[in-house]
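Visitor: Predicted structure and sequence below. I'll ask about it afterward.
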Amino acid sequence: MNLKHIDRSAIVGFAPNQPLIATGTYSGGIDISFSTSSVLEIFNLDFSNDASLVPSGSVAVHERFHRLAWGSPPADAATLPHGIVAGGLADGSICLWNPAAILSGRGQNPLLSKLQKHTGPVKGLEFNPFSPNLLASGAADGELCIWDVAAPAQPSLYPALKGNAAAGAAATAPEITYISWNRKVQHILASTQIDGATVVWDLKKQRPVLPLKDPNSQRRCSVLQWNPDIATQLVVASDDDRSPTLQMWDLRNSSAPVKEFVGHTKGVLGMSWCQQDHSLLLSCSKDNRTICWDVNTTDIVCELPSQDHWNFDVQWSPTIPGIFSTSTFDGRVSLCNVVACTSSGTAVETFNADFTVSRTIAGDVKPLKKPPTWLRRPSGVCLGFGGRLVSFANHKQQITDPMTGQVRPVETGAVTLSQVVTEPQLVAHSEAFEYAIAGRDRTALQEFCANKAASAAATGAQEDAETWTFMGVLFEDDARRQLLAKLGFSEAMLLGGNNGIGAASGEGTGGAAGAARKSSVGVAEQQLTSAMEQLSMVDGE
């Protein structure tokens with residue numbers, strides 16, 4: 001289940017379009033060496049072997065990290081081919097680095113700029129998914145800042161937004177704990193505050209448009225995630241042990257949450273929504289549990305084995321389906337596969353001879369209740385007899401619930417049956433044959449054989465023409481006589497007929513015609529038998 005691990009107590013940021021991961025020393029803890037240094041490292045995710053991950057590049061940082069964000073490359077990717085890495089530090093500053101310079105190791109200074117506006121730890125930091133040049137930040141001073149990093153060496157700052165404007169109250173704005181951009185609307189973002197409020201901001205109006213707060217709970221908010229499919233829904237979690245649930249809110253009805261995810265027994269510290277399968281949501285808590293939820297049903301899909309330390313951060317990989325990272329206070333960043341998760345196994349530690357600790361999973365691995373989207377077959381096709389082709393395709397569509405009025409995505413499928421024609425002439429011949437034999441009409445069969453004989457004769461295939469001619473004779477009313485005539489025994493039949501008539505003249509006229517036919521056919525059969533015997537003798541010689 002744990003594919004790779006890094007012995008760091010660090011916050012994680014995945015590259016948006018490459019299998020790279022950045023780690024920054026976390027500000028919320030200290031290792032056994034009591035080191036206060038901080039470092040930003042970049043690792044290349046290689047799962048082709050069992051070797052440990054080693055940093056591909058690193059740079060020392062003057063302060064430790066609270067948040068780490070990796071933005072997409074700009075339109076001119078030549079200058080920043082890997083995008084920009086932004087770090088929210090404990091002293092209130094935001095640093096921008098060039099990851100390409102960190103990976104090159106050529107001595108180039110990777111620090112692009114240092115943004116100094118906040119006066120408290122920067123706990124909210126995220127690039128706009130539609131405009132990578134926009135970077136939102138929020139800190140303990142309660143200010144929400146929007147930075148334009150199109151020119152990363154000289155970034156510009158839009159007027160700061162105060163969080164207390166949403167509540168219309170105190171002069172001191174409450175601390176911002178998390179920030180997230182809307183996944184459908186470019187100018188909408190939301191922030192969580194330590195006073196329990198979640199504020200939705202409209203950058204076009206430069207002000208908050210809606211505060212969300214549970215009237216039945218005085219809990220502080222720690223993290224939020226927007227629904228990737230429904231623009232008006234978001235999930236908010238709290239690190240308060242008195243209210244460890246995840247609440248889904250809909251902006252169309254902000255009086256109370258739409259649903260709750262119940263499973264954690266202590267406060268939630270981290271949360272991440274899967275980009276490849278929008279029905280999967282990860283959360284980690286102070287109860288040492290990391291749970292993967294089904295957003296549609298609020299059921300637990302799977303769970304990581306219990307550990308001795310909290311996972312304070314979880315992140316889905318945007319490029320590798322099913323891969324996510326966990327960060328613990330015991331100094332380990334783990335890369336896991338959701339398909340191999342178990343809800344009954346436990347981690348067993350083994351102390352090695354070199355004083356290192358190896359962790360293995362003990363217990364039965366239970367499969368997922370349903371396959372994730374990236375493992376499902378989106379479409380399929382199968383060929384059947386007679387050129388029949390059946391295919392199916394699955395797709396998502398937005399429907400409105402008539403009872404609640406909520407818009408939700410629903411997976412639908414369609415099955416299509418079609419005819420594949422690769423040889424039109426063969427199909428035409430087959431249809432003509434089926435039409436000829438459909439009514440068992442001798443006339444239609446004679447015409448079919450006559451047409452086939454004419455077509456064969458026109459192409460010079462005399463043997464085929466003769467074959468079809470003889471086949472047509474079989475459908476005549478007097479097929480036996482016509483066949484003998486075709487074989488060249490018409491004179492014998494005529495001679496036998498005359499003899500039969502003379503012999504039968506004294507016997508009356510009652511059986512004269514029948515006797516004549518039998519006599520003529522008998523003579524022809526004798527001649528045909530004699531000819532066949534001669535042919536066989538010739539073949540024997």
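Guide: Cool, got the structure.
Visitor: Can you name the next helix or strand after the helix-or-strand element of the chain with minimal mean pLDDT?
Guide: Within the chain, confidence by mean pLDDT, DSSP states H and E is lowest for helix 164-167 among all helices and strands, at a mean of 45. Tracing the chain C-terminally past helix 164-167 and defining elements by DSSP states H and E, one meets strand 176-181 next.
Visitor: residue contacts, Thr198?
Guide: Neighbouring residues of Thr198 by C-beta atoms under 8 Å, 6 or more residues apart in numbering: Ala190, Ser191, Thr192, Pro211, Leu212, Lys213, Cys221, Leu224, Leu234, Val236, Trp249. To be clear about C-beta, it is placed using only N, CA and C from the backbone, and glycine gets the same treatment.
Visitor: tell me the contacts of Val235?
Guide: Going by C-beta under 8 Å, 6+ apart, Val235 touches Leu224, Gln225, Asn227, Leu246, Gln247, Met248, Trp249, Phe261, Met271, Trp273, Leu281, Val295.
Visitor: That one looks like it's in a strand, true?
Guide: Yes: residue state for Val235 (DSSP: H, G, I helix; E, B strand; the rest coil) corresponds to a strand.
Visitor: before we move on, the earlier item: for the contacts of Thr198, which one is nearest Leu161?
Guide: Ser191 (9.1 Å; C-beta to C-beta).
Visitor: Tell me the secondary structure of the closest one, please.
Guide: strand.
Visitor: in the stretch 51-200 of the chain, which ranges drop under the pLDDT threshold?
Guide: 163-171 (pLDDT under 70).
Visitor: Just the local confidence number for the closest residue to Arg377 other than its chain neighbours, please.
Guide: Spatial nearest neighbour of Arg377, excluding adjacent residues (C-beta to C-beta, 6 or more residues apart in numbering): Asn394 at 7.9 Å. Reading off the per-residue confidence, Asn394 sits at a pLDDT of 83.
Visitor: Kindly report the same for Leu280.
Guide: Predicted confidence (pLDDT) for Leu280: 94.
Visitor: was I right about it contacting Asp299?
Guide: No: taking C-beta atoms under 8 Å as the definition, Leu280 is not a contact partner of Asp299, at 11.3 Å.
Visitor: okay, and the common contacts of those two?
Guide: When C-beta under 8 Å, 6+ apart defines a contact, the residues bordering Leu280 and Asp299 alike are Trp293.
Visitor: which one of the two has more residues nearby?
Guide: Neighbours were tallied for Leu280 and for Asp299 using other C-beta atoms under 10 Å; the higher tally belongs to Leu280 (23 against 12).
Visitor: and the gap between the residue nearest to that one when sequence neighbours are not counted and Phe127?
Guide: The spatially closest residue to Leu280, leaving aside those adjacent along the chain, is Cys274, at 4.0 Å (C-beta to C-beta, 6+ apart). When distances are taken as C-beta to C-beta, to the nearest Å, Cys274 and Phe127 turn out to be 19 Å apart.
Visitor: With Val200 instead?
Guide: Using C-beta to C-beta, one obtains 19 Å as the distance from Val200 to Phe127.
Visitor: can you check Gln275 too?
Guide: From Gln275 to Phe127 the distance is 14 Å (C-beta to C-beta).
Visitor: So for those two, which residue has more residues nearby?
Guide: A side-by-side neighbour count of Gln275 and Phe127, using other C-beta under 10 Å, places Phe127 first with 22 against 17.
Visitor: so what's that one up against?
Guide: By C-beta under 8 Å, 6+ apart, the contact list for Phe127 reads Ala69, Trp70, Gly71, Ser72, Ile84, Ala86, Leu134, Leu135, Ala136, Trp181.
Visitor: now the second one, what's its secondary structure?
Guide: The reference is to Trp70. Trp70 - assigned by three-state DSSP - is strand.
Visitor: Equivalent analysis for Ala75, please.
Guide: When the structure is split into helix, strand and coil by three-state DSSP, Ala75 lands in coil.
Visitor: how near is it to Tyr435?
Guide: 63 Å.
Visitor: Quickly note the distance from the closest residue to Thr36 other than its chain neighbours to Thr422.
Guide: By the measure of C-beta to C-beta, 6+ apart, the closest residue to Thr36 outside its immediate chain neighbours is Ile30, 7.3 Å from it. Spatial separation of Ile30 from Thr422 under the definition C-beta to C-beta is 71 Å.
Visitor: Which one's more surrounded, those two?
Guide: Ile30 (15 against 7).
Visitor: Could you pull up the mean pLDDT of the helix or strand hosting Val314?
Guide: Taking DSSP H and E as the definition, one finds Val314 inside strand 311-316. Along strand 311-316, the predicted local confidence has a mean pLDDT of 93.
Visitor: Direction included, what does that strand pair against?
Guide: strand 323-328 (antiparallel) (DSSP bridges).
Visitor: tell me the mean pLDDT over the partner strand?
Guide: Taken as a whole, strand 323-328 has a mean pLDDT of 93.
Visitor: Which SSE is immediately downstream of that strand?
Guide: Toward the C-terminus, strand 323-328 is succeeded by strand 332-337 as the next helix or strand (DSSP H and E).
Visitor: so what's the residue nearest in space to the middle of the chain closest to, chain neighbours aside?
Guide: Most central in the chain under C-alpha atoms, centre = their mean is Trp374, positioned 3.5 Å from the mean C-alpha point. Counting by C-beta to C-beta, 6+ apart, the nearest residue to Trp374 once its immediate chain neighbours are dropped is Pro321, at 3.8 Å.
Visitor: wait, what's in contact with that neighbour?
Guide: For Pro321, the residues meeting the contact criterion (C-beta under 8 Å, 6+ apart) are Gln276, Asp277, Pro372, Trp374.
Visitor: Buried subset of the residues you listed as a PyMOL selection?
Guide: With 16 or more other C-beta atoms under 10 Å as the criterion, this PyMOL line picks the buried residues out of the contacts of Pro321:
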select buried, resi 276+277+372
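Visitor: Just send the contacts of Pro321 back as JSON lines, with pLDDT too.
Guide: What follows is the contacts of Pro321, written out as JSON lines (pLDDT from 0 to 100):
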{"residue": "Gln276", "pLDDT": "91"}
{"residue": "Asp277", "pLDDT": "91"}
{"residue": "Pro372", "pLDDT": "88"}
{"residue": "Trp374", "pLDDT": "87"}
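Visitor: Nice, that's everything, thank you.
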